[in-house]
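J.: No sequence on hand, only this structure:
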């Protein structure tokens, strides 16, 4: 067994390599990200709180770390950050709850005919 972490830290060298391998796409993604997270109908703090919640749903450790720091820098309090995480948790659990209707419908043989 190794002592390596499951997710190794992102490094400037890895970021440079990613940029080197696909420079045009990398540049386009950077521009897209700047546009998405800039002030608009939603302010930067709100967008970063949304990103914190989504990062928890997608379970991206790099996104969780980065967007939590960015949300805090944009003025979000630790309480607001934690509340956004709870919203994510409810939405993730809510998906299973909402989709239970598919299982319940599958248990109704007359609704779907024999063998379904």
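T.: Good, I have the coordinates. The model shown is predicted, which means the values in this text are computed figures rather than measured ones.

J.: Just read off the phi/psi values of residue 41.
T.: Dihedral pair for residue 41: phi -60, psi -30, per degrees, to the nearest 10.

J.: Which per-residue confidence value corresponds to it?
T.: We have a pLDDT of 98 for residue 41.

J.: and what of the one 10 residues further on?
T.: The score at residue 51 is 98. That number is its pLDDT.

J.: so where does the closest residue to residue 63 other than its chain neighbours fall, helix or strand?
T.: In this structure, residue 63 finds its nearest non-sequential neighbour in residue 55, 3.6 Å apart by C-beta to C-beta, 6 or more residues apart in numbering. In short, each C-beta sits where N, CA and C put it, glycine included. Using DSSP states H and E, residue 55 sits in helix 44-58.

J.: tell me what the lengthiest helix in the chain is packed against?
T.: Using DSSP state H, we find that the single longest helix of the chain is helix 78-106. On a contact count with 3 or more C-beta pairs under 8 Å, 6 or more residues apart in numbering; DSSP states H and E, helix 78-106 meets helix 44-58, helix 61-73, helix 109-112.
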